[in-house]
Each structure stands twice: as structure tokens, then as C-alpha cells.
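In: Mind folding the following:
(4 chains)
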2 protein chains.
Amino acid sequence: MVNTDDVHPEGEAAHGADGDRRAQLVDAAVDYVAAHGIADLSLRRLGAAIGVSHRMLIHYFGSKERLLVEIVRASERRQRDLLSRLRLTPGLSPVAVARLLWQQLTDPRLAGQERLFFEIYGRALRGHPEAVPILERLVADWLEPLEAAEIAAGADPIAARNRARLGLATTRGLLLDLLATGDRVGVDAAMDEFLRLYYGSK
Amino acid sequence: MVNTDDVHPEGEAAHGADGDRRAQLVDAAVDYVAAHGIADLSLRRLGAAIGVSHRMLIHYFGSKERLLVEIVRASERRQRDLLSRLRLTPGLSPVAVARLLWQQLTDPRLAGQERLFFEIYGRALRGHPEAVPILERLVADWLEPLEAAEIAAGADPIAARNRARLGLATTRGLLLDLLATGDRVGVDAAMDEFLRLYYGSK
DNA sequence: TAGGTCATGTACCGATTGGTACACTCACGA
DNA sequence: TCGTGAGTGTACCAATCGGTACATGACCTA
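Out: Reported below is the predicted structural model:
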């Protein structure tokens, strides 16, 4: 008798070469899910697309549910990388930072990832267990740096929070518009209008 | 032999008492879907919840796909009713209209319907056939009245379009924030800030 | 009363799902 | 050289899915 499955603590912490393989699979899975959506994900189709049997996905992650958790986390990490990369460019005016952020978010190559973001957002609102944990960080995490920038630019704390919240919401709303209409020019013009209102004259 | 199913042109136009029953079922289905989400909808569970067998859902709608189409349409109609009800109150200042719209959209009793809206939005972005048709109207339909209001308030055509687009995006973005955080006070404050920027001083 | 239509329930079908059992290969250490 | 254990493929399982076949009963009309 050589049933290894029962002995192996599946879905365990990621250490050793095992973790490498897991990380590699998660990465491929996020790519797949960004392209095809997470709602109708099936282990068999995912496996076929990234070159493993659905058997191995269960082997490495223990269950579909835990794979979904990892996918959501990895996707969140990608989103966060975008944010932290921005903070590494100091000395820019708030307007310039805003324009840069907007430019990066609307990069057509990120469209799949953005769609996935809103899809996970929706699943979290519906209480899907793998997505719920992101709910608290979904707004707060982005609010902090925006708020700090406002305060650094001289806004009082209360106004800073309101303005940060407004900027985040407007960005996400316009991103939704862009994904739906594809009207890059029109949406960019609306964002320009916002920045004009937001930061004064020009 | 009395097989009526083959004779009956299923999923046909809604005329007669048949249509009443269909409309009633769709209405109940939208309620159910607003509460439980549309992604994992199963005919059996839906039927059990609204008091019919899944057999009857197939009977009245022909297929799950066509039922989904009807659900999306009905949900869209509800959303549109909200919009048209606003247009029936003339003589209000743009700010007042905006506040009224915001107040109605954020009514807690509409939370399920709003979640459903964003869920369908996501499915449309993913190309789900029952949701795709709404994509073109998703932005344009709401833009028209907002744009008209801007022009009536004296904005030039180009600015009017940009401002309308911006207002719609901001509203939806803040709505997403509210659904995720439930922080009514904070989101309302951000909306106030926006209206201040948008319509001038106070 | 007889015939026919519609509404509904029961029971089934094939397909697909997540998950499991088990055998096999290969690398590596004693 | 042997054996142990991880990595993997094949084949299966029960559950659930959308959809269909068929029977039954209510109701209307001739």
C-alpha cells in the first residue's frame, strides 16, 4: 500500500520546491482567470489550459476553494504592486501622480486584470468566502496613500479623507465606464475634467 | 398520446394569461437573484425558492439561458424606472436632482438590486450572452439625461458630455464603496465634497 | 358526455462537476 | 540493491446540473 495522498498534508504552507510549483501554478491560474473569468472556473478546464491535470490542482491546493483563495490573494498582490510602484516616485505633484496612476490603470494590457478585480469585488459583495476577506482592504488600502498625499498637499484631515475617497471612487467608476464602452478618448476627457475640478484651474 | 410540450412554442412572446404567469415568475426570480446572486443560479434552487418546480421554469422560458435574458431585462427595467421617476420632477436645480438621485440609489432597500446591477455589469464584461446586450446602454442611457441637464444649466456641449460622464462614474464608484464598506456617513461626505467641486462653492 | 388543451408533477437522461483510490515512475539515500 | 516517498496519470465516485418523456388532472367547448 503506497497511498501517499492521505499522508501528504495537502494545501500546507509553501516551503521548498513544492512551494515553487504551487506559486507557479497560482500565477498561471491568475492569468487564466483574468482572461476567462473566475465565476465559471472549472478545475478541469483550468488544468487543461495551464498544462496540468485537475488531479494535480487538487493535490497541490487541497480543494477548489483553497485554490480560489490563493488566486484571489495573488490577484490582490498584483493590484497592490501597481499601487506601491507609484509610491516609489516621490517629488511628483499630486496631479502628476494622479495622471500616472490613471495611465497605468487604463493600460489595455491590464484590462483582463481589471475585469477580474471587479469580478472578485462582486463575489465579495455576495459573500463568497474566498473573496470576502478583501472587502475591508478594498477601499481602506487605497485610501491611505491618497489621504496622505492630500495632507502633504495641505488639506485638513477631514477634507483629505473625503477627497481621497472621492478620487478613488471616481477612478473606479471611470474604469468601469472604460471597460464597458472602450471609449478611451471620452473617458480620458472626463478624467481631465475631474482633475481640473479637483486640483483647481488647470 | 398527449405530449403537449412539443406542440407548445416555448419561450414565445408573452400574450394572454400565459404572459401574466411568466411576468410574475420573472418578477419573483429577480427578487431571488437580487438576494442570492445570479452567478450560481440553479433552476432547481430558484424554483424551490419561488414555489415552482424547475420543470415549470423550463416550460415557461424554454431554457435557463432565456430565463436569464428575461431576468436581466427585468432588472434593467427596474433600474430604468428609478431614472425615469427622476425626470418627472422638473423645476429642480441640478444639485437638488443629483442629491435626490444619490439618496434614492443608496436606499438600503435597494442594496440587493445594486449588487445585482454590478454583478450583471461584470457578466457583460465577460461576454455572457444574456448580459452583453446591456453593455451599450449601460453608460449611454444614463448619460443622456445628465448631459441634457448640464446643457440646460448652461454648459457648452463638450463640457456637458464630460461632466455628465464624470458624474455618472463618480456616483457608481461611490456606490461600490458604500456596498463594500457600508460606511454611509463617509461616502455621503465624499459625495458632498464632489457636489461642492462640481457645482461650485456650496 | 367526449375530445382536446394547458398546467403541473415525477421520473428519468447524459454531461459535468469536485474529489478520491490506486497504480506507476523516478529519484535518492542506506 | 533495495525501499521509501513524492509526482503524476487513469479511472472512478456521488452529486448536481439543464433538459426531456410521459402521465395525470383541471378546465373548456362542442
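
In: just checking, residue A:47 touches residue A:59?
Out: No: judged on CB atoms under 8 Å, residue A:47 makes no contact with residue A:59 at a distance of 10.9 Å. C-betas here are computed from N, CA, C, even on glycine.

In: Just want to know which of those two has more residues nearby.
Out: When residue A:47 is set against residue A:59 and neighbours are counted by other CB atoms under 10 Å in any protein chain shown, the residue ahead is residue A:47, at 19 against 15.

In: From DNA strand C, how far out is that one?
Out: Counting by CB to the nearest atom of the strand, to the nearest Å, the separation of residue A:47 from DNA strand C is 9 Å.

In: Sticking with that residue, tell me its helix or strand.
Out: When elements are defined using DSSP states H and E, residue A:47 is found to belong to helix A:43-50.

In: CA atoms only for that helix, dumped as PDB, please.
Out: The C-alpha trace of helix A:43-50 is given here as PDB (Å, rounded to 0.1, in the frame of the first residue of the first chain):
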ATOM      1  CA  LEU A  43     -10.600  22.700 -12.300                       C
ATOM      2  CA  ARG A  44     -10.500  20.500 -15.400                       C
ATOM      3  CA  ARG A  45     -10.700  23.400 -17.900                       C
ATOM      4  CA  LEU A  46      -8.100  25.400 -15.900                       C
ATOM      5  CA  GLY A  47      -5.800  22.400 -15.700                       C
ATOM      6  CA  ALA A  48      -6.100  21.800 -19.400                       C
ATOM      7  CA  ALA A  49      -5.300  25.400 -20.100                       C
ATOM      8  CA  ILE A  50      -2.200  25.600 -17.900                       C
END
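
In: do that helix and DNA strand D meet at all?
Out: No: Helix A:43-50 stays clear of DNA strand D (CB under 7 Å from any atom of the strand), getting no nearer than 8.3 Å.

In: how about that helix: buried residues?
Out: Across helix A:43-50, burial judged by 16 or more other CB atoms under 10 Å in any protein chain shown covers A:43, A:46-47.

In: and of those, the nearest to chain B?
Out: Compare each of the buried residues of helix A:43-50 with chain B using CB to the nearest CB and the shortest gap goes to residue A:46, at 15.5 Å.

In: Now do the contacts for that closest one.
Out: A:29, A:32-33, A:54, A:57 (CB atoms under 8 Å, 6 or more residues apart in numbering or on different chains).

In: Mind picking the two most distant members of those residues?
Out: A:33 and A:54 (15.0 Å; CB to CB).

In: More neighbours: those two, which one.
Out: Between residue A:33 and residue A:54, residue A:33 has the larger neighbour count (other CB under 10 Å), namely 25 against 15.
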